[in-house]
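Engineer: this one's sequence-less:
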């Protein structure tokens, strides 16, 4: 008989966002008149920039004529896109990343999960994640059999949780030497909106070099960095190309959540250990993985992504990001004035907000329900991101200005939790 | 230190098609004047149908306006597409497959690989593949640690190889009861172009029911079936929804190799065994896998795929398939007249051709080199599909009429192998 992957049975009831969806749907069904404002899932709301739209129409026309039609593309992505990424996102920042080291893919979420394919099965590697954490990092490791079962707090045995809380300024402390083989870092952070500065990131790169660890660096929100001197890529830190894989995405920088395009950088210098103790080249392994289990991103989407780097595309995506950051600033100001303790929202589209407590209703899911029922506003409960997220909610700045203003007004006039 | 997945080191030097690419590139570099005709990799050459182009332009415009813009889509795919697939591909053929059981994905190759995520790790399941076989089925099982190392013939320990040769009419015999937990079937077959008829497919479904096996049925080429009464879907066989997952694709039916859209059907009735002996629902596991490790197919691509089912789209894709099948008929006739023994090419875009032998040059890779050097024609060596493929080549009908005619003329005038 066919046996299933029993590690899946360790997963908790549902991925965070489907659970939110269920609660919102139940509320909507009971209150069909309620005009719900969604500040929960981090999905963009504004249309694609005109430069991207023009490039897509052009690419669709390419597909309509035999001479310009494209079938299977190069496995790593088209040169025109990989070159643009290498130049603008890396070389322009002084990072010695070559187009050959860049893989075009269909999503940062997909690739942070898929990358585990090339790492040792079972519990051979000790995996470190921050707490709170983007749930996909944890769930994909559970699915891959890299953990034991979960305890009552939802923590999986075998994972190394690194608290990133108000206590340490949302900057996780280094684990003891030899403890972490694979380390997930996300900056600007989802969910807390905090960023790792050059000093903190250098500490991590040095730790990884000293311990031969692999850093999986998620830079999906780098376009939201507004403060100078913060690193946009881990490769701005000397030596990082020896220890880090970086994930980037067009989802939030150019509004591609429904268009699907991302970038994974696997430097050629990266090495891992095989079971027999020999060194193996991670770039070659990932290329083999992608050539076998992936068939590339649609040509029209790669053309769309390349348009992001044109002068017009850069201007338009910059305006898009400024718009969302404007929302974040409004929320930050009005929530602070209302008495909330607010983190993030300066270099990230997310605000990490302490629930009004202590007392009944201070738990994240309770406050989620309060906001939904009293204000018809959807947030993301911090506890969904890990035990250390309890007592917080995440608010997303991805929405229309009108909805953001209306949501703040509702909080100001309808919340009775103080 | 970070350990890698050492199972990757069992894989042979290269995936078949990259190796072909290397040989063709070397030949081209040495003979820059040679006008190479590629009948190797099965990549379409004709532009997308006008109905698809119109739908994509419209969808791009949807992405340009806030009111019609789409961010993250439903995890299984948009209803408009899943409903169309359920109706036209299944319900119209009497298969009781519901839209809820359909998952829209970015490629049949991807999903035949990714499906292993939900099956038991290690060698818990005995995996059966035909020989010759589409290499992705084997390589993804090797990567997942479902096999031992390869022997000199390139066969991996632990896999159950089912010969599908001229001797059994390319229809693999059933393995003994209890021997196969997971069975890959591909019909119309890549690479041999053969099809499983209703009787043969019923035998497999009954075997799977009797042995609680899981069939992974690859129907990527079903649109090429011309003979009546051949099943286009495994769900045309009674009871198949209890034992089979089916993979379909728009790549070859509508020219989507560079546009990327496919369909995976995981019926709700499917069950597998967990390690503790309890039954598990494969549909739920796959939904969890997709929700966590995938973010859907681009909205514009899903609109493009839905246009395939419009009256205009059906007419245009039918014409496209007839065109490629016309190529196949020409190749079949002229190769047969030339003295070749030819299989396939009637219900499939592939011809499976016996090399001229015995004698020197009869091995697949030798004849590949002969065709490349003497005729500047690229084929796929049968040995690349498994030990039983030795002594054959695969030719693809995906090309312009002009190139197909020219290739046949070159074989007629330049080959000196008889």
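Structural biologist: That came through fine. This one's a predicted model, so the numbers in the text were calculated from it and none came from an experiment.
Engineer: and the longest helix along chain A, what's buried?
Structural biologist: Longest helix in chain A, counting residues (DSSP state H): helix A:311-337. Going by neighbour count (16 or more other C-beta atoms under 10 Å in any protein chain shown), the buried part of helix A:311-337 is A:313-314, A:316-317, A:320-321, A:324-325, A:327-328, A:330-332, A:334-335. Placement of C-beta: from N, CA and C, glycine included.
Engineer: what's the local residue count around residue A:176?
Structural biologist: As a burial measure, residue A:176 scores 9 neighbours (other C-beta atoms under 10 Å in any protein chain shown).
Engineer: list the contacts of it.
Structural biologist: Neighbour list for residue A:176: empty [criterion: C-beta atoms under 8 Å, 6 or more residues apart in numbering or on different chains].
Engineer: so it belongs to a strand, correct?
Structural biologist: No. Per DSSP: H, G, I helix; E, B strand; the rest coil, residue A:176 lies outside any strand segment and is coil.
Engineer: find me the pLDDT at it, would you?
Structural biologist: Here the pLDDT value assigned to residue A:176 is 94.
Engineer: and whatever residue of the stretch 301-418 of chain A ends up closest to chain B, which of the three is it?
Structural biologist: When scored by C-beta to the nearest C-beta, the stretch 301-418 of chain A has residue A:301 as its residue closest to chain B, at 5.8 Å. When classified by three-state DSSP, residue A:301 comes out as helix.
Engineer: pretty sure residue A:374 sits against residue A:414.
Structural biologist: Yes. Using C-beta atoms under 8 Å, residue A:374 is in contact with residue A:414, at 5.0 Å.
Engineer: still on that earlier bit, the buried residues of helix A:311-337 also near chain B: which ones?
Structural biologist: Among the buried residues of helix A:311-337, no residue sits close to chain B (C-beta under 8 Å from any C-beta of the partner chain).
Engineer: between the residues you listed, which is closest to residue B:396?
Structural biologist: Distance ranking of the buried residues of helix A:311-337 against residue B:396, using C-beta to C-beta, places residue A:313 first at 37.4 Å.
Engineer: what sits against the closest one?
Structural biologist: Neighbouring residues of residue A:313 by C-beta under 8 Å, 6+ apart: A:49, A:51, A:52, A:55, A:254, A:307.
Engineer: pLDDT at the third one, what is it?
Structural biologist: So that's residue A:52. 98.
Engineer: helix, strand or coil: sort out it for me.
Structural biologist: helix.
Engineer: around it, count how many other residues there are.
Structural biologist: Look at residue A:52: counted by other C-beta under 10 Å, it has 30 neighbours.
Engineer: so who does it touch?
Structural biologist: Per C-beta under 8 Å, 6+ apart, neighbours of residue A:52: A:254, A:255, A:304, A:307, A:308, A:313, A:316.
Engineer: so what's residue A:243 closest to, chain neighbours aside?
Structural biologist: residue A:208 (3.8 Å; C-beta to C-beta, 6 or more residues apart in numbering or on different chains).
Engineer: what helix or strand is that neighbour on?
Structural biologist: Using DSSP states H and E, residue A:208 sits in helix A:198-211.
Engineer: in its sheet, what does the next helix or strand after that helix sit against?
Structural biologist: As assigned by DSSP H and E, the chain's next helix or strand after helix A:198-211 is strand A:214-218. The pairing partners recorded for strand A:214-218 under DSSP bridges are strand A:182-186 (parallel), strand A:244-249 (parallel).
Engineer: just the strands in the stretch 301-418 of chain A please.
Structural biologist: Here the stretch 301-418 of chain A has its strands, by DSSP state E, counting those that start in this stretch, at A:342-344, A:350-354, A:377-378, A:380-381, A:392-396.
Engineer: check which helices and strands the last one sits against.
Structural biologist: Put plainly, it is strand A:392-396. strand A:350-354, helix A:364-370, strand A:380-381 (3 or more C-beta pairs under 8 Å, 6 or more residues apart in numbering or on different chains; DSSP states H and E).
Engineer: write out the residues of the stretch 251-400 of chain A neighbouring chain B.
Structural biologist: Those residues of the stretch 251-400 of chain A that sit near chain B, judged by C-beta under 8 Å from any C-beta, are A:255, A:257-260, A:272-276, A:280, A:282, A:285, A:288-289, A:291-301, A:400.
Engineer: how about the stretch 101-250 of chain A?
Structural biologist: Residues of the stretch 101-250 of chain A lying near chain B by C-beta under 8 Å from any C-beta: A:106-107, A:109-110, A:113-114, A:117-121, A:124-125, A:136, A:139-140, A:143, A:145, A:181-182, A:211-214.
Engineer: from those residues, which land in strands?
Structural biologist: A:182, A:214 (DSSP state E).
Engineer: for residue A:221, give its distance to chain B.
Structural biologist: According to C-beta to the nearest C-beta, to the nearest Å, residue A:221 stands 16 Å off from chain B.
Engineer: test my guess that that residue contacts residue A:248.
Structural biologist: No. Under the criterion of C-beta under 8 Å, residue A:221 makes no contact with residue A:248, lying 9.5 Å away.
Engineer: one step back: the contacts of residue A:313, buried ones only, as a ChimeraX selection?
Structural biologist: Buried members of the contacts of residue A:313, defined by 16+ other C-beta under 10 Å, are picked up in ChimeraX with:
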select /A:49,51,52,55,254,307
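Engineer: what subset of the residues of the stretch 251-400 of chain A next to chain B is buried?
Structural biologist: Neighbour-count burial (16+ other C-beta under 10 Å) is assigned, among these, to A:255, A:257-260, A:272-274, A:280, A:282, A:285, A:288-289, A:291-301.
Engineer: which of those fall within helices?
Structural biologist: Cross-referencing those against helices under DSSP H gives A:282, A:285, A:288, A:289, A:291, A:292, A:293, A:299, A:300, A:301.
Engineer: so how far is residue B:140 from the fifth one?
Structural biologist: Put plainly, it is residue A:291. According to C-beta to C-beta, to the nearest Å, residue A:291 stands 11 Å off from residue B:140.
Engineer: swap in the fourth one?
Structural biologist: In this structure, residue A:289 and residue B:140 are separated by 10 Å, where distance is defined by C-beta to C-beta.
Engineer: same check, this time on the last one
Structural biologist: Counting by C-beta to C-beta, the gap from residue A:301 to residue B:140 is 24 Å.
Engineer: one more: the first one?
Structural biologist: As defined by C-beta to C-beta, residue A:282 lies at a distance of 19 Å from residue B:140.
Engineer: tell me the phi and psi of the nearest residue to residue A:306 once chain neighbours are set aside?
Structural biologist: In space, and not counting its chain neighbours, residue A:306 is closest to residue A:81: 4.8 Å by C-beta to C-beta, 6+ apart. Residue A:81 adopts backbone torsions of phi -80, psi -40, taken as degrees, to the nearest 10.
Engineer: my read: residue A:81 touches residue A:302, true?
Structural biologist: Yes. Between residue A:81 and residue A:302 there is a contact at 4.8 Å, judged by C-beta under 8 Å.
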